[in-house]
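Trainee: coordinates only, no sequence provided:
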């Protein structure tokens with residue numbers, strides 16, 4: 001399945017808004033199942049399994065664990081549980097967009113939407129920024145491992161000051177440096193050209209784009225029906 005970048009942006013925007021308006025667990029599971037399927041068909045098995053398992057664990061916590069806890073503690077855990085769970089579909093669709101979209105195809109698609117040049121450049125730089133930062137984070141972890149410092153959650157609890165010194169400071173410096181480098185590379189390639197751009201990437205809607213949009217429209221209809229009927233779905 002090959003999706004148009006505009007379709008990926010559309011379903012990400014729909015999900016980012018709809019998950020926080022939804023109160024039904026059934027609809028929430030649908031919002032999560034579709035990104036998992038998209039990641040699996042894109043052969044992003046590790047990302048799909050990681051987020052899918054996290055969603056299931058958080059859902060089980062809400063359904064079986066929180067009910068047995070005191071009201072105060074249960075309420076706090078419930079708030080964090082639901083909030084994190086609602087963000088999972090957004091994270092998965094964001095990962096799907098970044099890892100399956102070429103910057104050239106992304107620019108070609110955005111140019112057809114006639115968006116402002118500044119907005120287009122910002123999105124394009126962002127698309128390339130996160131994979132580069134992920135690679136940089138791997139280098140930082142390797143350097144810490146050579147010094148015998150763990151970047152895990154337990155290591156952070158044991159040595160918070162050292163983690164801040166050896167992780168957050170290099171990450172901030174790298175973030176600033178990478179953003180400048182990516183912006184300069186994009187300008188060198190003519191991203192700020194005022195004339196009409198040409199692109200070797202062929203971007204067009206397909207039957208898969210139409211199908212996924214129809215599916216999301218159906219889920220939105222379920223959400224509004226559930227809201228108007230006062231919670232038809234569990």
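Mentor: Now that the structure is in, tell me what you want to look at. Note that the structure is a prediction, hence the values are computed from the model and not measured.

Trainee: what pLDDT is listed against residue 116?
Mentor: Residue 116 carries a pLDDT value of 72.

Trainee: could you list the low-confidence segments of this structure?
Mentor: 151-157, 159, 186, 189-201, 231-234 (pLDDT under 70).

Trainee: let me see the backbone angles for the residue sitting furthest away from the middle of it.
Mentor: Farthest-out residue of the chain from its mean C-alpha position, per C-alpha atoms, centre = their mean: residue 70, at 33.4 Å. When read as degrees, to the nearest 10, the backbone of residue 70 gives phi -60, psi 160.

Trainee: what about it, distance to residue 52?
Mentor: From residue 70 across to residue 52, the span is 30 Å (C-beta to C-beta, to the nearest Å). Every residue, glycine included, has its C-beta placed from N, CA and C.

Trainee: how about stretch 129-148: buried residues?
Mentor: For stretch 129-148, burial by neighbour count (16 or more other C-beta atoms under 10 Å) applies to 129, 136, 140, 141, 144.

Trainee: what are the contacting residues of that stretch?
Mentor: 98-99, 150-151, 166-167, 170-171, 174-175, 178-179, 182 (C-beta atoms under 8 Å, 6 or more residues apart in numbering).

Trainee: from those residues, which two are the most distant?
Mentor: 150 and 182 (29.9 Å; C-beta to C-beta).

Trainee: those two: who's more crowded?
Mentor: Ranked by neighbour count (other C-beta atoms under 10 Å), residue 150 and residue 182 place residue 182 first, with 18 against 15.

Trainee: now the element after the helix or strand hosting that one, going C-ward?
Mentor: In this structure, residue 182 sits in helix 169-188 according to DSSP states H and E. Per DSSP H and E, the first helix or strand lying C-terminal to helix 169-188 is helix 207-228.

Trainee: so how many other residues sit close to residue 122?
Mentor: Using other C-beta under 10 Å: residue 122 sits among 12 other residues.

Trainee: one more: residue 123?
Mentor: For residue 123, the count of nearby residues is 16 (other C-beta under 10 Å).

Trainee: touching, it and residue 101? I think so.
Mentor: No. Using C-beta atoms under 8 Å, residue 123 makes no contact with residue 101, being 10.6 Å away.

Trainee: look up phi and psi at residue 149.
Mentor: Residue torsions, per degrees, to the nearest 10, at residue 149 are phi -110, psi 130.

Trainee: from residue 134, how far out is it?
Mentor: Noted for residue 149: a distance of 20 Å to residue 134, by C-beta to C-beta.

Trainee: residue 162 now?
Mentor: 22 Å.

Trainee: same deal with residue 49?
Mentor: For residue 49, the distance to residue 134 - C-beta to C-beta - is 18 Å.

Trainee: again with residue 81
Mentor: 26 Å.

Trainee: do residue 96 as well
Mentor: Taken as C-beta to C-beta, the span from residue 96 to residue 134 is 15 Å.

Trainee: how much does the helix or strand in which residue 130 is found deviate in direction from helix 169-188?
Mentor: Using DSSP H and E, residue 130 maps to helix 117-146. Computed with axes from the mean of the first three to the mean of the last three C-alpha atoms, to 10 degrees, the direction of helix 117-146 lies at 140 degrees from that of helix 169-188.

Trainee: so which strand or helix has residue 82?
Mentor: In the assignment (DSSP H and E), residue 82 maps to helix 71-100.

Trainee: now do the buried residues in that helix.
Mentor: So for helix 71-100, counting by 16+ other C-beta under 10 Å, buried means 74, 78, 81-82, 85-86, 88-90, 92-98, 100.

Trainee: tell me the helices and strands packed up against that helix.
Mentor: Other elements packing on helix 71-100 under the criterion 3 or more C-beta pairs under 8 Å, 6 or more residues apart in numbering; DSSP states H and E are helix 5-21, helix 25-41, helix 45-60, helix 117-146.
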